[in-house]
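okay, here's the prediction I keep looking at, along with the sequence it came from:
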Amino acid sequence: MALDNASAMWVPVCCGRVMRCNMFRQAGGGAYAALVCTLCNKNITLEQEPLATANNFGEGSTVLSLIGSPKPPKTERRKSFEEAGPDDPTL
Ligand SMILES: [Zn+2]
């Protein structure tokens, strides 16, 4: 079940749950966002940049459409890649 990147969105996950996203306005204009895990309090800051600067991030860079929800569903995510390490005997 492969989605092509153009129609897919990416979901930030930590501790098996969708991370919360809060947006903040900056005094000088612009905005930034913080992804927070409600279980372990991991915090990831997202800064805005014009799409046109994407080239500056080097080869292989991809622009991801990330969902930022202040109240994501609390349901547990299905098992993800974290479960399938290199030692997974089923591989
Ligand atoms: Zn977490």
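Perfect, thanks for sending it.

name the residues of this protein found near the ion, please.
14-15, 37, 39-40, 42 (C-beta under 5 Å from the ion). C-beta here means a position set from N, CA and C on the backbone, and glycine is covered the same way.

just give me the residue closest to the centre of this protein.
Taking C-alpha atoms, centre = their mean, the centroid of the chain lies closest to Pro12, which sits 3.2 Å from it.

so what's it up against?
Residues near Pro12 by C-beta atoms under 8 Å, 6 or more residues apart in numbering: 18-19, 21, 35, 44, 66-67.

switch to 7 Å and redo it
By C-beta atoms under 7 Å, 6 or more residues apart in numbering, the contact set of Pro12 is 18-19, 35, 66.

and the helices in the chain, which stretches?
Applying DSSP state H to the chain gives no helices.

ranges for the strands of it?
Under the criterion DSSP state E, the chain contains strands at 13-14, 17-18, 20-25, 31-36, 43-47.

can you say which of those is packed in most?
For those, the largest average neighbour count (mean count of other C-beta atoms under 10 Å) is found in strand 17-18, namely a mean of 20.

where does the protein dip in pLDDT?
By pLDDT under 70, the low-scoring segments of the chain are 1-6, 79-91.

ok, back up a step: just the buried members of the residues of the chain next to the ion?
With neighbours counted by 16 or more other C-beta atoms under 10 Å, the residues of the chain next to the ion contain buried members at 14, 37.

now the residue nearest to Ala54 when sequence neighbours are not counted: how far from the ion?
Among residues not flanking Ala54 along the chain, Val63 sits closest, at 5.5 Å (C-beta to C-beta, 6 or more residues apart in numbering). Separation of Val63 from the ion (C-beta to the ion, to the nearest Å): 25 Å.
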